[in-house]
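Peer 1: when you get a sec, could you give me coordinates for this:
(one chain, ligands or ions: 1)
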Amino acid sequence: MKRTPLVVGNWKMHKTGTEAIRLIEDLRKSSLPSNVEVAVCPAFTALSDAGSALRDSPIRLGAQDMYWEAQGAFTGEVSPLMLAAAGCRYVIVGHSERRQFFGETDVWVTRKVQAAFAHGLVPILCVGERLEERDAGRTDRIVTEQTEMATGELSSEQVVNLVVAYEPVWAIGTGRSATGEEANRVTGLIRRALGRRSGGASAQTRILYGGSVTPDNAAEVFGQPEIDGGLIGGASLDAGKFTAIVRAASRERGNL
Ligand code: PEP
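Peer 2: Below you'll find the predicted structure:
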């Protein structure tokens, strides 16, 4: 089953509009390989500038979060309708920093996944265990529960289009990545959890790995058969590093 590799940059709370334009210009100059889909997720305030800078480029635009209602009295929130109108194709949902620092629950994440599809966006659902859960041998259970909860109501067609990112929380922004083998094992577990409810549709779901991916470890990560690309934080802020990671995905996965 061919799954087009996907590499997504999560810029987190970095880059003003002007800085986003500059980074995108650098990425456009770096002639990214055409057999990997690439997306960048700037902060909300930079989406419009980034969207303009990406015009006529194959690089896709994504957002880092959203609320699930289309509109209303929800001060400070941004809706799926607004993201679609801003030109987003993707939206990251349930990132561990949202869960950890902003109290986001599995129930919220479930609503956001459904709202994204309802508005023509593709959710990038993040799941992953915290260090203490890993140390207690609970990785498989946590990751399976998070996946089942967030995707239980999806149709098989939605499961095909969904993107999942396995992001062990202890590996995000720490410089400590999971080994390729470990990441591949948990990614396979996620695919099986998705498949139990979707009649095997998950064979087509793209599942990414995220957590301290750099140009140095990208080949090991993308060389794993279950892993279809990466969600890249820190290294996506540097055009040279991000391009090197995309090229590694192209070499390891581009001809599948
Ligand atoms: C992330 O933000 O999703 C992430 C994986 O960050 P980093 O690559 O910096 O670990």
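
Peer 1: could you check the pLDDT of the residue in the chain positioned nearest to the ligand?
Peer 2: Closest approach between the chain and the ligand, counting by C-beta to the nearest ligand atom: Gly233, at 2.1 Å. No exception for glycine: its C-beta is placed from N, CA and C like everyone else's. Gly233 is assigned 98 on the pLDDT scale.

Peer 1: give me the neighbour count for it.
Peer 2: 22 (other C-beta atoms under 10 Å).

Peer 1: and Thr205, what does it touch?
Peer 2: Shown in contact with Thr205 (C-beta atoms under 8 Å, 6 or more residues apart in numbering): 3, 159-160, 162-164, 191, 194.

Peer 1: point out where this structure drops to low pLDDT.
Peer 2: Counting by pLDDT under 70, the chain contains low-confidence residues at 1, 255-256.

Peer 1: number of nearby residues for the nearest residue to Gln204 once chain neighbours are set aside?
Peer 2: With sequence-adjacent residues excluded and distances taken as C-beta to C-beta, 6 or more residues apart in numbering, Gln204 is closest to Val160, at 4.5 Å. Using other C-beta under 10 Å, Val160 has 17 neighbouring residues.

Peer 1: can you add secondary structure and give the contacts of Thr205 back as a markdown table?
Peer 2: Formatted as a markdown table, the contacts of Thr205 follow (DSSP: H, G, I helix; E, B strand; the rest coil):
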| residue | secondary structure |
| --- | --- |
| Arg3 | coil |
| Val159 | helix |
| Val160 | helix |
| Leu162 | coil |
| Val163 | strand |
| Val164 | strand |
| Arg191 | helix |
| Leu194 | helix |
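
Peer 1: how near is the residue nearest to Gln204 to Pro5?
Peer 2: For Val160, the distance to Pro5 (C-beta to C-beta, to the nearest Å) stands at 16 Å.

Peer 1: what residue of the chain is the furthest out?
Peer 2: Ala73 (28.3 Å; C-alpha atoms, centre = their mean).

Peer 1: alright, that wraps it up for me.
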